[in-house]
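Q: Can you look at this prediction? I've put the sequence above it.
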Amino acid sequence: MIAKKNMLPIISKLHCSSSQTLLVVRKRPHVLNGGGFVVIDCNTQRVVFRVDGCGVRGIKGELILREGDGDALLLMHRKKGMVEALSIYKKWKGYSLGYEGSKKVAFSLKEPNSCLVKNNSIRISTKPRVTSNRGWDFKISGCFPDKCCSIVDSRGNEVAQVVMKKEVEESMETKDFYHVVVKPGMDQAFVFGVIAILDYIHGETTIC
């Protein structure tokens with residue numbers, strides 16, 4: 001068993017593994033089912049998560065992360081309107097969903113929306129906070145469109161990596177598959193909630 005102090009259950013401890021996990025993301029085409037993607041555990045070949053893009057939801061700036069069996073875990077919603085247009089950040093919030101339809105904020109993500117931002121990396125804050133010495137808990141390092149990026153905590157530790165495996169690069173379906181490595185103890189539901197938002201930001205399969 002992984003030590004409790006090394007777990008980061010931002011959405012649920014049920015999605016924290018005691019070992020490093022390799023998962024593959026398979027995109028769903030818009031023309032068939034409105035977009036989004038599925039996440040498969042490379043060891044078990046089991047579908048762990050599904051993400052409904054806004055083509056499925058019918059609402060721009062709204063995404064849902066579901067468990068493999070279809071139960072909703074996380075709603076991701078982008079702040080809209082004049083407030084966002086005037087802000088130096090574009091803001092998203094991730095809400096964990098209870099079994100009875102209740103929801104509570106699990107994290108917020110800020111995407112720079114202005115050249116006035118000194119550091120243009122995407123920053124993520126959790127609720128409750130997992131660090132106390134900065135105004136953020138995680139940031140995105142690298143280039144998501146190239147599938148070469150990481151989620152890094154405020155201490156500089158990589159908690160998850162988005163990578164393009166060599167065997168995928170050599171296939172004809174490179175754009176439809178990529179891998180994600182999640183470190184021990186990290187909440188996989190949180191990781192793929194963040195990845196769903198990155199996918200939307202960069203105009204990939206979740207956007208409508």
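A: Perfect, I can see it now. Numbers count the residues shown, from 1 in each chain.
Q: From here on, just use CA atoms for contacts and neighbour counts.
A: Fine.
Q: so how far is stretch 89-106 from its chain's centroid?
A: When C-alpha coordinates are averaged (Cα atoms, centre = their mean, to the nearest Å), stretch 89-106 and its chain have centres 13 Å apart.
Q: Please apply the same query to stretch 97-114.
A: 11 Å.
Q: Same question for it: list its buried residues.
A: Under the neighbour-count criterion of 16 or more other Cα atoms under 10 Å, stretch 97-114 has Leu97, Val105, Ala106, Phe107, Ser108, Leu109, Lys110, Glu111, Pro112, Asn113 buried.
Q: who's in contact with the fourth one?
A: In this case it means Phe107. Lys93, Gly94, Tyr95, Ile124, Ser125, Thr126, Lys127 (Cα atoms under 8 Å, 6 or more residues apart in numbering).
Q: so what's it closest to, chain neighbours aside?
A: Excluding its sequence neighbours, the residue lying closest to Phe107 (Cα to Cα, 6 or more residues apart in numbering) is Thr126, at 4.1 Å.
Q: returning to what we had before: helices - which of the buried residues of stretch 97-114 land there?
A: For the buried residues of stretch 97-114, not one is inside helices, with DSSP state H as the criterion.
Q: In a markdown table: those, plus pLDDT and distance to Pro145.
A: A markdown table is the format used below for the buried residues of stretch 97-114 (pLDDT from 0 to 100; distance: Cα to Cα, whole Å):
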| residue | pLDDT | distance to Pro145 |
| --- | --- | --- |
| Leu97 | 91 | 29 |
| Val105 | 94 | 27 |
| Ala106 | 95 | 25 |
| Phe107 | 96 | 23 |
| Ser108 | 95 | 21 |
| Leu109 | 96 | 18 |
| Lys110 | 91 | 18 |
| Glu111 | 86 | 15 |
| Pro112 | 76 | 17 |
| Asn113 | 68 | 18 |
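Q: mean confidence score for the longest helix along the chain?
A: Criterion DSSP H: the longest helix present in the chain is helix 188-201. Helix 188-201 shows a mean pLDDT of 96.
Q: Let me see the ranges of the strands in this protein.
A: Along the chain, counting by DSSP state E, strands occupy 21-27, 36-41, 47-52, 62-67, 72-78, 89-97, 103-112, 123-126, 138-143, 148-153, 158-163, 177-182.
Q: Would you mind saying which of those strands lies nearest Gly203?
A: Between Gly203 and the strands of the chain, the shortest gap by Cα to Cα is with strand 36-41, which sits at 11.4 Å.
Q: tilt between that closest one and strand 62-67?
A: 30 degrees (axes from the mean of the first three to the mean of the last three Cα atoms, to 10 degrees).
Q: low-confidence ranges in this structure?
A: Along the chain, the model assigns pLDDT under 70 to residues 1-5, 31-32, 81-88, 99-101, 113-119, 131-133, 166-175.
Q: Spatially central residue for this protein, please.
A: By Cα atoms, centre = their mean, the chain has its centre lying nearest to Val194, at 2.0 Å.
Q: What residues does that one make contact with?
A: The contact partners of Val194, by Cα under 8 Å, 6+ apart, come to none.
Q: cool, and Ile122?
A: Going by Cα under 8 Å, 6+ apart, Ile122 touches Leu109, Lys110, Glu111, Pro112, Lys139, Ile140.
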